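Q: Provided below for reference: sequence and predicted model.
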Amino acid sequence: MIELTEGQELALATEDGEPLTRLQMGLGWDKERTAGFIGTGAPDVDLDATAVEFAGGQLFDLAFYNNLQTRDRSVIHLGDNLTGRGEGDDEVLAVDLGRVYEKVDTIVFLVSSYQGHSLEWINNAYCRLVDERGLELARFTLSGGVPQTGLAMAKLFRDGEQWRFRAIGQGIAVKIPTESVEALRPFL
C-alpha cells in the first residue's frame with residue numbers, strides 16, 4: 001500500500017504491467033469529537049461519496065446516494081452511511097474500468113455534506129483504492145479540517161490506454177453532488 005500526498009499519482013497496473021480494472025474506492029470519516037457548540041452534543045455528520053464522470057471536460061454521468069449507478073454500470077454506489085460511525089469504509093464506490101464508456105476520460109471522487117456542515121466537523125477522513133482481491137493499493141488521508149462543505153478527494157484518469165489514480169484533497173463549496181460539476185472542473 002502506498003500512502004499518497006496531495007498531487008501524487010499511481011499507475012493502475014500490476015507489477016507485470018497488466019491493467020487493473022475492478023476497483024473499489026472506499027471513503028471513511030469520523031465526526032470530530034469537539035465539533036458543535038460548547039456544552040452541546042454535536043449532531044451526526046452525514047457525508048456523501050460521489051463519483052463524477054467527465055468526457056472531454058463535460059459531465060457524462062455520476063453515481064451517488066440518489067443515483068446509485070452510472071448508465072454504463074461502470075460505477076456503482078454501494079450504500080449511504082448517514083453518520084460515519086463504525087470501523088472501516090463508510091461509503092464505497094465500486095468501479096469497473098473495463099465498462100467505462102470509451103469517451104469518459106476522468107472520474108472524480110468527492111465527499112460532500114448535504115446538511116451543509118463544513119468539513120472541519122470531521123476527523124480521520126480518507127479515501128483508499130482497493131483491487132478486486134481486497135488488497136489496498138493506495139490511501140490518501142486528509143489531515144486537518146477543511147472549511148468548505150465538500151472535498152475533491154481523488155480522481156481516476158486515462159493516460160493513453162492505461163488508467164491512473166491521483167490524490168487531490170482540495171476543499172470545494174458543494175453540498176449536493178449534482179451541483180459539483182463547475183467546482184470539479186479545475187481538477188480535470
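A: Good, I have the coordinates.
Q: for this protein, what spans make up the strands?
A: With DSSP state E as the criterion, the chain has strands at 2-4, 9-11, 22-31, 47-55, 58-63, 75-77, 91-96, 106-113, 122-131, 136-141, 150-159, 162-172.
Q: what residues does the third one touch?
A: Yep, that's strand 22-31 we're talking about. Judged by Cβ atoms under 8 Å, 6 or more residues apart in numbering, the contacts made with strand 22-31 from elsewhere in the structure are 12, 42, 44-45, 47, 49, 51, 83-84, 88-98, 109, 111, 121-132, 137, 153-154, 156. Bear in mind the C-beta positions are built from the backbone N, C-alpha and C, glycine included.
Q: from Glu15, how far off is Asp72?
A: The spacing between Asp72 and Glu15, counted by Cβ to Cβ, to the nearest Å, is 29 Å.
Q: swap in Gly98?
A: With Cβ to Cβ as the criterion, Gly98 and Glu15 are 20 Å apart.
Q: these two: who's more crowded?
A: Gly98 (9 against 5; other Cβ atoms under 10 Å).
Q: wait, the more buried one sits on Thr21?
A: Yes - the pair Gly98 and Thr21 qualifies as a contact (Cβ atoms under 8 Å) at a distance of 4.3 Å.
Q: so for the chain, the centremost residue is which one?
A: In the chain, the C-alpha closest to the average C-alpha coordinate belongs to Phe109, at a distance of 3.1 Å (Cα atoms, centre = their mean).
Q: show me what it is bridged to.
A: Ala51, Ala154 (DSSP bridges).
Q: isn't it right next to Leu151, touching?
A: No - when contacts are counted by Cβ under 8 Å, Phe109 is not listed as touching Leu151 (9.4 Å).
Q: partner strands of the worst-scoring helix or strand of the chain on mean pLDDT and their direction?
A: Taking mean pLDDT, DSSP states H and E as the measure, strand 2-4 is the helix or strand of the chain with the lowest mean score, a mean of 79. According to DSSP bridges, strand 2-4 has the following sheet partners: strand 136-141 (parallel).
Q: quick check: mean pLDDT across the partner strand?
A: Taken as a whole, strand 136-141 has an average pLDDT of 86.
Q: just the CA trace of stretch 63-74, in PDB.
A: As requested, the backbone C-alpha atoms of stretch 63-74 are provided in PDB (Å, rounded to 0.1, in the frame of the first residue of the first chain):
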ATOM      1  CA  ALA A  63     -23.100   7.800  -9.100                       C
ATOM      2  CA  PHE A  64     -24.200   8.900  -5.600                       C
ATOM      3  CA  TYR A  65     -26.800   8.300  -2.800                       C
ATOM      4  CA  ASN A  66     -29.700   9.300  -5.100                       C
ATOM      5  CA  ASN A  67     -28.400   7.700  -8.300                       C
ATOM      6  CA  LEU A  68     -26.700   4.500  -7.300                       C
ATOM      7  CA  GLN A  69     -25.000   3.700 -10.700                       C
ATOM      8  CA  THR A  70     -23.900   5.300 -13.900                       C
ATOM      9  CA  ARG A  71     -25.700   4.400 -17.100                       C
ATOM     10  CA  ASP A  72     -22.900   2.200 -18.300                       C
ATOM     11  CA  ARG A  73     -22.900   0.400 -14.900                       C
ATOM     12  CA  SER A  74     -19.200   1.100 -14.600                       C
END
